[in-house]
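Predicted structure and sequence below. I'll ask about it afterward.
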Amino acid sequence: MRVRSSSVRMWTFGILAFLAVAIGMYALILYGSPDRLREQPFTTEKGTLPALWYSVLCAHAISAGLALIIGWLQFVKKIRHRFPNIHRMIGYFYSAFIVIGGITGLYLAFYSNGGWSAHLGFAMLSTLWLYTLYRGINSVVMKRDHVEHGKWMIRNYALSCAAISLRLYTGASAGLLGLMDTNETFVVIAWLCWVPNLFIAELINSKHKRLQRPYNSEIRQ
């Protein structure tokens, strides 16, 4: 049973890493420049938008995409154990990407389809994204509590994975339910893309007490 459980965890993590890299690259390629953004159907449907919106969305897509691509590496035990400096360096970049992604996400939330329910849902996502990052950094820098640091960063990356959930739910609602209008679907998806993720993060934190070891003196300065 233990071997089977370990195999399931490995496959689950592998699928998560694949989706993170794939969707992160998708964001970089599709939204990586303001010129490409202007050609996308979802931007033309919005009508006239401020020039700033395109630049902010571009910055958000790049920073959030890169955070998604590199974030899962922080949970690879071999990197934490054998290469703590690499773990720390990735953490610096990841944190910078989250700060940019969170701030730009707050701005973009109020331009999202789906009305005020979607605006509030995406704004809450960005706020919690920044807050969990702050708690994660504070726990390791100020308190030197690596266990708590690990828990907060699991929560933070769960919120980063809202980018994965968003695209899965949007695709499912269109392909399975025939709901193509994001003005309708984002009313729910703006919340559904991240609330269950946080619930899963809490399950991981509560069940896997072994997470205490990777954040001990092995990665202390």
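Nice, thanks for sending it over. What you see is a predicted model; the values in this text were computed from it and never measured.

ok, and the helix or strand in this protein with the lowest average confidence?
In the chain, the helix or strand scored least confidently by mean pLDDT, DSSP states H and E is helix 41-45, which has a mean of 67.

List the buried residues in the following helix or strand past it.
Next in sequence after helix 41-45, counting helices and strands by DSSP states H and E, comes helix 51-71. Neighbour-count burial for helix 51-71 flags 53-54, 56-71 (criterion: 16 or more other C-beta atoms under 10 Å). Heads up, the C-betas are built off the backbone N, CA and C, glycines and all.

starting at the chain centroid, how far to helix 51-71?
The gap between where helix 51-71 is centred and where its chain is centred comes out at 11 Å by C-alpha atoms, centre = their mean, to the nearest Å.

do stretch 24-40 as well
Relative to its parent chain, stretch 24-40 has a centroid offset of 18 Å by C-alpha atoms, centre = their mean.

cool, stretch 195-206 as well?
Distance, centroid of stretch 195-206 to centroid of chain: 14 Å (C-alpha atoms, centre = their mean).

From here on, call the first residue 96.
Happy to do that; since the first residue is 96 now, the last one works out to stretch 290-301.

Quick one: mean pLDDT for it?
Averaged across stretch 290-301, pLDDT comes to 96.

what's the answer for stretch 191-209, then?
The predicted model assigns stretch 191-209 a mean pLDDT of 96.

can you list contacts of that stretch?
With contact meaning C-beta atoms under 8 Å, 6 or more residues apart in numbering, stretch 191-209 is reached by 141, 144, 148, 151-152, 154-155, 158-159, 161-162, 165, 213-218, 220-222, 224-225, 228, 251, 255, 277-282, 284-285.
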